[in-house]
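Engineer: Give me a 3D structure for the following:
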Amino acid sequence: MPSHTKPVSNAALPRVPAPLSPAQQVRKYTDYLLKEHNRYYALECLLFLDCPIRVFRECRTEQIVKSQYDGRYEYQYPVNLLLQKLRRLAAQELEQDVVEQKMREASKNKVLFANVLNIFADLQKEAENFSKTTKQSSTSPSSSSSSEESSASSSPVV
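Structural biologist: Numbering: from 1, shown residues only. As a prediction, the model looks like this:
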């Protein structure tokens, strides 16, 4: 290493901030809207963020946009797009909740159906055992005497 160069320390390098999570970005741009700082940029960033509706609800983004920017013609296009996006996300969440509820009900019904099948199988086994015991009792000697009595009663009495 030449003697005329100085070593570069880490303190001299510019620090790159850690990337924000989508929830932090929603909070940041919603705050921009509240403070009326870079409003158009904040609306565009919120429009292109990909995160669940729950994050937008936690940050009250929809309420803020509707109350402060809904009637302002200079922001009408991005506001309409953002509100459409929020409605679409809410509809997707609702649809997903309905599907999950149906899946839970189906799994409960499967369990109930399995229980019904088990009960039916048990009833079939009991019916088979009952029919076996009745067949065995009909072949026993006491039943043969009863069959003789029945044949004797069917013959004419003189």
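Engineer: need the longest helix for this protein.
Structural biologist: Longest helix of the chain, by residue count under DSSP state H: helix 76-138.
Engineer: Quick check: mean pLDDT of it?
Structural biologist: Computed over helix 76-138, the mean pLDDT rounds to 83.
Engineer: What helices and strands are in contact with that helix?
Structural biologist: With contacts taken as 3 or more CB pairs under 8 Å, 6 or more residues apart in numbering; DSSP states H and E, helix 76-138 sits against helix 39-48, helix 53-58, helix 61-69. Where C-beta positions appear, they are placed from N, C-alpha and C, glycine not excepted.
Engineer: May I see the buried residues of stretch 47-60?
Structural biologist: Buried residues in stretch 47-60, counting neighbours by 16 or more other CB atoms under 10 Å, are found at L47, L49, I53, V55, F56, R57, C59.
Engineer: okay, now the residue lying closest to the first one once chain neighbours are set aside: neighbour count?
Structural biologist: Closest residue to L47 apart from its sequence neighbours, by CB to CB, 6 or more residues apart in numbering: L82 at 5.1 Å. L82 is surrounded by 23 other residues when neighbours are defined as other CB atoms under 10 Å.
Engineer: How much space separates P52 from E58?
Structural biologist: Shown here: P52 relative to E58, a distance of 10 Å by CB to CB, to the nearest Å.
Engineer: hmm, back to that, okay, the helices and strands packed on helix 76-138 in a markdown table with mean pLDDT and distance to L94 next?
Structural biologist: As requested, those are exported to a markdown table (pLDDT from 0 to 100; distance: least, CB to CB, whole Å):
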| stretch | mean pLDDT | distance to L94 |
| --- | --- | --- |
| helix 39-48 | 93 | 21 |
| helix 53-58 | 94 | 9 |
| helix 61-69 | 92 | 15 |
